[in-house]
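> structure for this input, please:
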Amino acid sequence: MSTDPLTAPEPDPADQPNDGFVKFVFTHPDEAIGFLRAYLPEPLPAICDWASLEILPSAYVSEKLGQSHGDILYRIRVADIETWIHIRTQQTPTHHRS
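Prediction:
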């Protein structure tokens, strides 16, 4: 039985303790730029126009990803091409059978 992503309840923040930290870091441009420069593979950091980094509203519905409200979406110019970077902040719960 699958859950309809349009009517599914929002996840409980207590189940996602790192969300607040991740959202704080990635919604502050200077912090986000520092992280992205350190972790994007070469040659991306060298060809990104960091001054063009813009945080976009990220609530959307996607057939593949379902409904999302907590992710972070950036628009940035990379080698003079408008590009989007999508950061998934919601953790997928792991279920274990006893």
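> check which residues of the longest strand seen in the chain are buried.
As assigned by DSSP state E, the longest strand anywhere in the chain is strand 48-56. Within strand 48-56, the residues that count as buried by 16 or more other Cβ atoms under 10 Å are 48, 53. From N, CA and C alone the C-beta is placed, and that goes for glycine too.
> that one pairs with which strands, parallel or anti?
strand 72-78 (antiparallel) (DSSP bridges).
> would you mind writing the CA trace of the very next helix or strand once past the partner strand as CSV?
Proceeding N to C from strand 72-78, the next assigned helix or strand is strand 81-87, under DSSP states H and E. Provided in CSV are the C-alpha atoms of strand 81-87 (Å, rounded to 0.1, in the frame of the first residue of the first chain):
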residue,chain,number,x,y,z
ILE,A,81,24.8,28.2,-17.7
GLU,A,82,21.9,28.7,-15.3
THR,A,83,22.1,25.6,-13.1
TRP,A,84,20.1,24.3,-10.1
ILE,A,85,21.5,22.5,-7.1
HIS,A,86,19.1,20.5,-5.0
ILE,A,87,19.9,19.5,-1.4
